[in-house]
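Trainee: Predicted model and sequence follow; I will ask about them next.
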Amino acid sequence: MSGDRVGLLWRAELAAEIYAHLSCIDVLEVNAEDWLDAPARTVRALRTLGTQVPLTLHGVSMGLASVAPVAPRRLARMARLVDAVQPLAWSEHLAFVRGGGVEIGHLAAPPRTLETVEGCARNVAAATRVVGAAPMLENVATLILPPGSRLDEASWLRQVLAATGADLLLDLHNLHANAVNFGFDAHAALLSLPPGRIGEIHLAGGRQVGEASPRLLDDHLHAVPDAVFDLLECVAGHASRPLTVVLERDGAYPPFATLIAELERARQALARGRLRRDHEHRL
C-alpha cells in the first residue's frame, strides 16, 4: 500500500546523524513537551525542519484517559505548538499522569472501565475543540493490571475508539510487553482492533525486570525485538490505511547505522504484511 512512512523519534543527540541520513527517513516524531515553552526562534527552526521531512507531535503530559478534565492551559499550549509547526498529526497517551493535584511523573494505565472511557471521550472532545484536530491515542505499557479494571485491554481500546472517534497510535512494544506480562495473545488483540482506525505505529525495545515475578519493561533503550517486528507485519496485513511507523529510542544509542537497519527491517515487515493482505483480498 503506497503512503506508508517509516521514521524516527527526534533526539537532539542524534541531530547530526538524522540530518546526514534524511534520505532514509520518511518522518520524524517530536516530543511536544520539549518545545511547548521554547522561544519563538527555536519553534521556527522546528517548523523549518518540517519543510525537509514530515513531522508528528507526540504529547506525554495531558492525561487524557482520566475521569478528571484536562487543564485548559495544557490544551492551549498544545494548540499554539500545533499551529506553529503544522505537523502531519498530533498524539497523546491513553494514560493518567496526575490525581488530586499531584503529578505522579509516570504514564499510568487507567482502570479499564466505562467510566474512564467516558472521561477520555470528554477530554478528547475538549482537546479537539481547542487544538483544532483530534489527537491519535496511544496504548500504554503497564507492569501491573490497573486496579478496578472490568475490561481487557483490547476491549477497552475498542470502546475508547468508538467513544472518541479518534484514531489509534498502536505502540507494538507496549502491546507485546502487556501480553508477555499478563498472558494474552498480542496478535489476537491486534486483529480485534478496527483496521480503519490504526494510523500510526510505535516500535521500541525493553528489558526484563524483577526476579520473583519478572516483567517486561518498555524502556526505549534496547533494540526492537523479533516479536515486535512480527506484530508490525501482522498490523500491516490488518490495517486498511497507510501507516506512519516511528522507531523510538531514548538513550543508550547504538551506531546510527544500526537504527537505519531497524528502519529498513520495519519497511520489509510492512511490505510482507501488505503483500499478504493483497493476496488474501484476491482470493
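Mentor: Now that the structure is in, tell me what you want to look at.

Trainee: Next, the contact list for Ala125, please.
Mentor: Contact partners of Ala125, counting by C-beta atoms under 8 Å, 6 or more residues apart in numbering, are Thr164. Backbone N, C-alpha and C define where each C-beta goes, glycine included.

Trainee: Could you number the chain from 54 rather than 1 from now on?
Mentor: Sure, I'll start numbering at 54, so the last one becomes Ala178.

Trainee: Are we agreed that it is in a strand?
Mentor: No. Using DSSP: H, G, I helix; E, B strand; the rest coil, the secondary structure at Ala178 is helix, not a strand.

Trainee: Name every strand pairing with the helix-or-strand element of the chain with minimal mean pLDDT and say which way it goes.
Mentor: Across the helices and strands of the chain, mean pLDDT, DSSP states H and E gives its lowest value to strand 155-161, namely a mean of 79. Strand 155-161 has the following strand partners under DSSP bridges: strand 149-152 (antiparallel).

Trainee: In the strand it pairs with, which of the residues would be classed as buried?
Mentor: Under the neighbour-count criterion of 16 or more other C-beta atoms under 10 Å, strand 149-152 has Phe149, Val150, Arg151 buried.

Trainee: Check stretch 271-286 too.
Mentor: Residues of stretch 271-286 classed as buried: 271-273, 275-278, 280-282, 284-286 (neighbour count, 16+ other C-beta under 10 Å).

Trainee: Okay, helices next: where are they in the stretch 104-253 of the chain?
Mentor: Assigned by DSSP state H, counting those that start in this stretch, the stretch 104-253 of the chain shows helices spanning 125-138, 167-184, 206-217, 225-235, 239-244.

Trainee: want to throw those helices into JSON lines with mean pLDDT?
Mentor: Below are these laid out as JSON lines (pLDDT from 0 to 100):
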{"stretch": "helix 125-138", "mean pLDDT": "95"}
{"stretch": "helix 167-184", "mean pLDDT": "97"}
{"stretch": "helix 206-217", "mean pLDDT": "98"}
{"stretch": "helix 225-235", "mean pLDDT": "98"}
{"stretch": "helix 239-244", "mean pLDDT": "98"}
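
Trainee: Fine, thanks again, bye for now.
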